[in-house]
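[1] here's a sequence, model it:
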Amino acid sequence: MTDQIQLKRGPSSQAYTDNFTLAQGEPGIETDTGRLAIGDGTNQWEHLPTIYTRNVLIETGAVTLNDHYKLNVFTGSETQVWSLPPVDTSTGMEINIMHRGSATLTLEPGGEDTIYATSGSGAITTYQVEPGKYVRLMCDGYFWIVLIQYSG
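    Here you go, the predicted model:
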């Protein structure tokens, strides 16, 4: 007979929605991002420091996005602007953003580049990501295209 140890686990959307408090020393993991955090018995999940992530950028401040991270998670409480890389060097790049903060996040393309929102608003110069939303963008070499945005 073997003993089995299981960690508290689930997708990041569930972890941030439930926003549970882990006991002191209790590990928890997000199954989709690989985020690992250790509880302190006091702070809720969203306030615990990240011990490890798998190709994920978790950021509260302003950043310039790139394709190094497969998922970019915004957790800030103050409005921020994130810069998209130039379209002429980004063909085929996909950027995924999960907004788990409480402030508005603005995406801004570089130079004269534009974002094309498939929701019908056409070419725009900035794109607002509201709290609780997930966004996937792709660069076709001409525009940054918002492929999907949904509440997650």
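
[2] any weak-confidence spans in the chain?
    1, 51-61, 64, 66-70, 119-121, 152 (pLDDT under 70).

[3] please enumerate the strands of it.
    Ranges of strands within the chain are 8-10, 27-30, 36-38, 56-59, 71-74, 80-84, 94-99, 105-109, 115-117, 122-124, 127-129, 133-139, 144-151, based on DSSP state E.

[4] tell me the most buried of those?
    Of all the strands of the chain, strand 71-74 has the most neighbours on average by mean count of other Cβ atoms under 10 Å, namely a mean of 23. Placement of C-beta: from N, CA and C, glycine included.

[5] same list (the strands of the chain) but as TSV, adding distance to residue 49.
    TSV is the format used below for those (distance: least, Cβ to Cβ, whole Å):
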stretch	distance to residue 49
strand 8-10	16
strand 27-30	12
strand 36-38	7
strand 56-59	10
strand 71-74	14
strand 80-84	19
strand 94-99	18
strand 105-109	21
strand 115-117	32
strand 122-124	35
strand 127-129	24
strand 133-139	23
strand 144-151	26
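
[6] do you know which of these lies nearest residue 48?
    Nearest of the strands of the chain to residue 48, taken as Cβ to Cβ: strand 36-38 at 4.0 Å.

[7] who are the packing partners of the closest one?
    For strand 36-38, the contact count by 3 or more Cβ pairs under 8 Å, 6 or more residues apart in numbering; DSSP states H and E identifies strand 27-30 as packing neighbours.
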